[in-house]
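Participant: my questions concern the predicted model and sequence given below.
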Amino acid sequence: QVQLVESGGGLVQAGDSLRLSCVASGRAFSRYVMGWFRQAPGKEREFVATIRWSGALTSYSDSVKGRFTISRDNAKSTVYLQMNSLKPEDTAVYYCAADVDYTGSRASAYDYWGQGTQVTVSS
């Protein structure tokens, strides 16, 4: 099993940047594919980005491509989400997720989740 704890959320203005972190504890972090998802009030949980075990391969949703960057530091058991040029529509609770072998964008396929961190972008 792996436990995930997100941090780094906050209230920012449109155009600002934030970096989210997700620290994992438990079994070897490098064995997990890591993903970031978000959920706005009244909406379903939405895929944001995913990164594979070594960090060599990443994928993004179209809505964040070119603005957000996912990365990981396996030595620190941490995955990051650098968010630039934030927009009000990026406002949501952001969750990190982990799975041993699923590399896609379907939230229900990830086995482990953090508690989430709130990101609010004002216009």
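Facilitator: All right, it came through fine. Numbering: from 1, shown residues only.
Participant: for the residue most central in space within the chain, give the beta-bridge partners.
Facilitator: Nearest residue to the geometric centre of the chain (Cα atoms, centre = their mean): Trp36, 2.3 Å. In this entry, Trp36 is beta-bridged to Ala49, Cys96, by DSSP bridges.
Participant: relative to Tyr80, how far out is it?
Facilitator: 9 Å (Cβ to Cβ, to the nearest Å). For every residue, glycine as well, the C-beta is placed using N, CA and C.
Participant: now list whatever residues contact both of the two.
Facilitator: Leu20, Cys22, Ile70 (Cβ atoms under 8 Å, 6 or more residues apart in numbering).
Participant: any idea which of those is closest to Gly42?
Facilitator: Leu20 (22.0 Å; Cβ to Cβ).
Participant: for the closest one, give me its contacts.
Facilitator: Residues in contact with Leu20 (Cβ under 8 Å, 6+ apart) are Glu6, Ser7, Gly8, Gly9, Trp36, Tyr80, Leu81, Met83, Tyr94, Cys96, Thr117, Val119.
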